[in-house]
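In: I'll drop the sequence and a predicted model, then ask my questions.
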Amino acid sequence: MAPGKFITLEGGEGAGKSTQAKLLGRNLSQAGQPTLVTREPGGAPGAEEIRGLLVTGAVGRWDPMTEALLHYAARHEHVAKTIKPALETGTWVISDRFADSTMAYQGYGHELGRQVVEALNERVLGPFAPDLTLILDLPVDDGLKRAVAGPEDRYERMGRDFHQRLRDGFLDIAGREPGRCAVIDARAAVDEVQAAIHAVVRQRLDAPLP
Ligand code: TMP
């Protein structure tokens, strides 16, 4: 059996990733492709427990390196327990965030630097990487306005400069890896963003989408 494809959605706060991940998962499933939608931090029981440590509480509760290690601890669990087993059975996996979020948020946002995050990624994931990454791009102020305040708002409370660095970081990542990444303009209405995503997934992964 052919292994499944691994698609990740990335972007700053309020870009609509979760909505688009669910829509893409539903549309692929309806087209007959077994699909699993998952998220980070989280996506496996232990990783969901680690999520609670990361998305709540005081902005400065973690040193940036500790924070990056926690994200990678959660990711290792997610890959081992959820993502790889699904891909092995031919299921396509869509993850709302993955490793590019650590590069953008901790590498660029918290200024740990590319090399530190690259080394961590190499050690924890080796060559495992998404087949396709959709980066939903939005001006920082639009995203922060759209982001819903709630109990999981630790990152939303980080300063505007932090959010600008991570937006620039995502665009830099996309520029470095154009074969894997596609930038989607997330300012448009939900159905227009969905159509743009379908076009890329059809074209790059030969997906059975309308
Ligand atoms: P969410 O709001 O998309 O559910 O993600 C939770 C927060 O975690 C979000 O503000 C981004 C942040 N995050 C990181 O800082 N680094 C990471 O590696 C991941 C996966 C998420």
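Out: Done, it's in. Numbers count the residues shown, from 1 in each chain.
In: Put the alpha carbons of the helix or strand bottoming out on mean pLDDT in the chain into CSV.
Out: Lowest by mean pLDDT, DSSP states H and E among the helices and strands of the chain is helix 140-146, with a mean of 91. In CSV, the C-alpha atoms belonging to helix 140-146 read as follows (Å, rounded to 0.1, in the frame of the first residue of the first chain):
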residue,chain,number,x,y,z
VAL,A,140,0.0,40.8,11.9
ASP,A,141,-2.6,43.3,13.0
ASP,A,142,-5.4,41.5,11.0
GLY,A,143,-4.4,38.2,12.6
LEU,A,144,-4.3,39.5,16.2
LYS,A,145,-7.7,41.1,15.7
ARG,A,146,-9.2,37.9,14.4
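In: Tell me if that helix is near the ligand.
Out: No - using CB under 6 Å from any ligand atom, helix 140-146 stays clear of the ligand, coming no nearer than 10.6 Å. Just so you know, the C-beta spots here come from the backbone N, C-alpha and C atoms, and that holds for glycine as well.
In: buried stuff in that helix?
Out: Neighbour counts using 16 or more other CB atoms under 10 Å place 140, 143 of helix 140-146 among the buried residues.
In: After it, which helix or strand is next? Please name it.
Out: Sequence order places helix 160-176 as the next helix or strand after helix 140-146, per DSSP states H and E.
In: Which strands or helices does that following helix pack on?
Out: Under the contact definition 3 or more CB pairs under 8 Å, 6 or more residues apart in numbering; DSSP states H and E, helix 160-176 sits against strand 132-137, helix 140-146, strand 181-185.
In: who does the shortest one pair up with?
Out: It stands for strand 181-185. strand 132-137 (parallel) (DSSP bridges).
In: what does the strand it pairs with contact?
Out: In this structure, residues lying in contact with strand 132-137 by CB atoms under 8 Å, 6 or more residues apart in numbering are 5-11, 15-17, 20, 98, 100, 167, 170-171, 173-174, 177, 180-186, 193, 197, 200-201, 204-205.
In: again with stretch 76-92
Out: Contacts for stretch 76-92 (CB under 8 Å, 6+ apart): 1-7, 28, 33-36, 38, 40, 42-47, 50, 93, 95, 124-125, 128.
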